[in-house]
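Build me a model:
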Amino acid sequence: MNTPTEPVDADTATGPVDADTAMEHVDVLIIGAGLSGVGAAYHLQSAFPRRGYAILEARDAIGGTWDLFRYPGVRSDSDMHTLGYRFRPWTMAKAIADGPAILDYVRDTARKAGIDRRIRFGHRAVRAEWSSRHARWTVEVARGGETVLMTAHFLYLCTGYYHYDAGYRPDFPGIGRFIGSVVHPQHWPADLDYTGKRVVVIGSGATAVTLVPAMTDRAAHVTMLQRSPTYVAARPSEDPIANRLRRLLGNRGAYPLTRWKNVLFGTVFYELSRRRPHLVKGLLRKAATRQLPPGYDVDTHFAPRYQPWDQRLCLAPDGDLFSAIRAGRASVRTDEIAEFTETGVRLRSGAELDADIVVTATGLRLLALGGMRLSVDGRDVTLSETMAYKGMMLSGVPNFAFTIGYTNASWTLKADLVGEYVVRLLRYLDAHGYDQCVPHNDDPTVTETPLLDFQAGYILRAIDEFPRAGSRAPWRLGMSYAHDVVNLRYGRVNDGAMCFSRRSTAREAVPRPA
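Next up is the predicted model:
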């Protein structure tokens, strides 16, 4: 990797041809043009203006999650001062932003940086094979009805961790006999009219908590049907401190202060939740009680059996869910589904919920690496047999990185750090004349743990298909932004677990740091 490739043409995003294979070649190939992929490209081209790269995007638009989800009220469940990029301040008054505003932010970032001209839409990366002899990846790409091949020295996946094609929908008994409409939020029909309709939203996660108040603008009534409660906390949609700092210091001066303020607040609250769960549980219950009508059964509908942050905390901007309940436009029912009927849902308790529309906000289906298959020197990589290095690379897989964000904080906080670390890694390769870097776990005392230590159902259903984490650094997936800033931004690149080699010696013993 010590010899930079010819730069990609900014207007056509077409790289040079690999002399050995006659395939198009780029130095770095990014997979995914969502929030993470655009950020990765920005870090890369800022550090290496003349290094060739391209982005492959399976869909036909920039934005990933924020382009895919179109349901009513879709919004962030993190503040935009931390969900936004470190390098580009969020300047809108609302800190809890709606989906269209976030999509505009991502697309505008790509357009202003010229990243949009590097994106190949309708290109789905299917398989990638690494050759140590050539120190490069060969990537099989589905484009329309044909297959094309590209080569790259470094492969950088920003594909998220769920299926874009379909969400998770349980096999509810009798759902085929229901005569109304059944909708999953991941594929919301643009022509769905719920005016004056009775709506039942099945689920209690962030999507359901968003949908229920949003649909009360036109629906006759919206019921959130949950099997068990979730922690819901009201939070102002605007951050008054951030807005005041912006007036005093301007966007550039206020943004890092607000970002760190929110990081520190979130970290303190998370740590308090883990160390004093009963205290935090009590505080959340009291806050919900104050927001709900007098005599409301808080313990049935808003007091989960699990501890705070065993699953992600749901936000209600400006208390919108609680306001809808107080106004009588929405209600919560905690029960299990026995079966669907022609006109609604029959519950285990024997009660029935009449419905014209049922929304199955039942979660995501996890998908590791966007479904891409990997091979190293002719051997297929089984993800569950690999270990994640610093939560962003795979043991035994050279010149490869991926992005998985935090479960207890904004996704982009980690995505930005991964981008910075990849830049540091590429600079190290260049400075020392190496072509290959690969993490290896040679410590027999490191034991395996799940990659994501999180109890949400969508995680538990598929976590065994993902890489494993380790019991200690650098194999443990950290959930502390401050800790990761120290380690990823300033820690040693050559740390003993990361191994380096030149193409001529890629099959030989890899040098270790002294």
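
shaky segments in the stretch 401-514 of the chain?
Within the stretch 401-514 of the chain, the ranges that satisfy pLDDT under 70 run 454-458, 460, 504-514.

tell me the helices in it, going along the chain?
Along the stretch 401-514 of the chain, the segments classed as helices by DSSP state H, counting those that start in this stretch run 411-432, 457-460, 481-484.

can you redo the ones you listed as JSON lines with mean neighbour count?
For glycine as for every other residue, the C-beta is placed from the backbone atoms N, C-alpha and C. Formatted as JSON lines, the helices of the stretch 401-514 of the chain follow (neighbours: other CB atoms under 10 Å):
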{"stretch": "helix 411-432", "mean neighbour count": "20"}
{"stretch": "helix 457-460", "mean neighbour count": "16"}
{"stretch": "helix 481-484", "mean neighbour count": "17"}
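
nearest to Trp475, of these?
helix 481-484 (14.1 Å; CB to CB).

And that closest one, what does it pack against?
Packing contacts for helix 481-484, counted by 3 or more CB pairs under 8 Å, 6 or more residues apart in numbering; DSSP states H and E, involve helix 240-275, helix 411-432.

CA atoms only for that helix - export them in PDB, please.
C-alpha atoms of helix 481-484 as PDB (Å, rounded to 0.1, in the frame of the first residue of the first chain):
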ATOM      1  CA  TYR A 481     -16.700   7.100  23.400                       C
ATOM      2  CA  ALA A 482     -14.200   8.800  25.700                       C
ATOM      3  CA  HIS A 483     -12.200   5.600  26.100                       C
ATOM      4  CA  ASP A 484     -12.300   5.000  22.300                       C
END
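
Can you redo the helices and strands packed on helix 481-484 as TSV, where the extra columns are distance to Ala482?
Listed next are those as TSV, based on distance: least, CB to CB, whole Å:
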stretch	distance to Ala482
helix 240-275	7
helix 411-432	10
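
Minimum distance to Gly39: which of those has it?
helix 411-432 (5.4 Å).

any idea whether Gly363 is helix, strand or coil?
coil (DSSP: H, G, I helix; E, B strand; the rest coil).

Could you give the number of residues near it?
If you count neighbours by other CB atoms under 10 Å, Gly363 ends up with 24.

Please produce JSON lines containing the helices of the stretch 401-514 of the chain, extended by distance to Pro439.
Output for the helices of the stretch 401-514 of the chain, formatted as JSON lines (distance: least, CB to CB, whole Å):
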{"stretch": "helix 411-432", "distance to Pro439": "11"}
{"stretch": "helix 457-460", "distance to Pro439": "24"}
{"stretch": "helix 481-484", "distance to Pro439": "16"}
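
Tell me the predicted confidence for the nearest residue to Glu465 once chain neighbours are set aside.
Leaving aside its chain neighbours, Glu465 sits nearest to Ala368 (5.8 Å; criterion: CB to CB, 6 or more residues apart in numbering). As predicted, Ala368 sits at a pLDDT of 88.

where in this structure is pLDDT low?
1-22, 454-458, 460, 504-514.

Show me the residue at the heart of it, geometrically.
Gly160 (5.0 Å; CA atoms, centre = their mean).

Please report how far that one lies from Trp411.
9 Å (CB to CB, to the nearest Å).

what's the overlap in contacts for these two?
Common neighbours of Gly160 and Trp411, using CB atoms under 8 Å, 6 or more residues apart in numbering, are Ser36.

Can you find which strand in this protein contains the most residues?
strand 146-157 (DSSP state E).

Quick one: work out the angle between that strand and helix 411-432.
Here strand 146-157 runs at an angle of 90 degrees relative to helix 411-432 (axes from the mean of the first three to the mean of the last three CA atoms, to 10 degrees).

helices and strands around the helix or strand just after strand 146-157, which ones?
Per DSSP states H and E, the first helix or strand lying C-terminal to strand 146-157 is strand 181-183. Judged by 3+ CB pairs under 8 Å, 6+ apart, strand 181-183 is in contact with strand 357-360.

gap between the strand it packs on and the chain center?
25 Å (CA atoms, centre = their mean, to the nearest Å).

Pull the CA coordinates from that strand and hand them back as CSV.
What follows is strand 357-360, C-alpha atoms only, in CSV (Å, rounded to 0.1, in the frame of the first residue of the first chain):
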residue,chain,number,x,y,z
ILE,A,357,-54.7,-0.8,10.1
VAL,A,358,-52.1,-2.9,11.9
VAL,A,359,-48.5,-1.7,11.9
THR,A,360,-46.0,-4.4,12.8
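
change the start of the numbering to 167 and stick with it
Renumbered: residue one is now 167, and that last one reads strand 523-526.

partner strands of that strand, parallel or antiparallel?
Using DSSP bridges, the strands paired with strand 523-526 are strand 347-349 (parallel), strand 364-368 (parallel).

could you redo these as a markdown table and give each row mean neighbour count?
A markdown table is the format used below for the strands paired with strand 523-526 (neighbours: other CB under 10 Å):
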| stretch | mean neighbour count |
| --- | --- |
| strand 347-349 | 17 |
| strand 364-368 | 24 |
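
mind putting those in TSV, distance to Ala301 included?
Below are the strands paired with strand 523-526 laid out as TSV (distance: least, CB to CB, whole Å):
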stretch	distance to Ala301
strand 347-349	48
strand 364-368	50
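
Sort out which residues of the longest strand of the chain are buried, please.
Neighbour-count burial for strand 312-323 flags Met316, Thr317, Ala318, His319, Phe320, Leu321, Tyr322, Leu323 (criterion: 16 or more other CB atoms under 10 Å).

Tell me which residues touch the third one, please.
Contacts for Ala318 (CB under 8 Å, 6+ apart) come out as His191, Val192, Asp193, Val194, Leu195, Arg302, Trp303, Val305.

go on, Ala385?
Here Ala385 is in contact with Tyr360, Thr361, Gly362, Lys363, Arg364, Val365, Arg495 (CB under 8 Å, 6+ apart).

isn't Ser298 right next to Gly562, touching?
No - at 11.3 Å, Ser298 does not count as touching Gly562 under the criterion of CB atoms under 8 Å.

Please enumerate the shared neighbours of those two.
Going by CB under 8 Å, 6+ apart, residues that sit against Ser298 and also against Gly562 are Val542.
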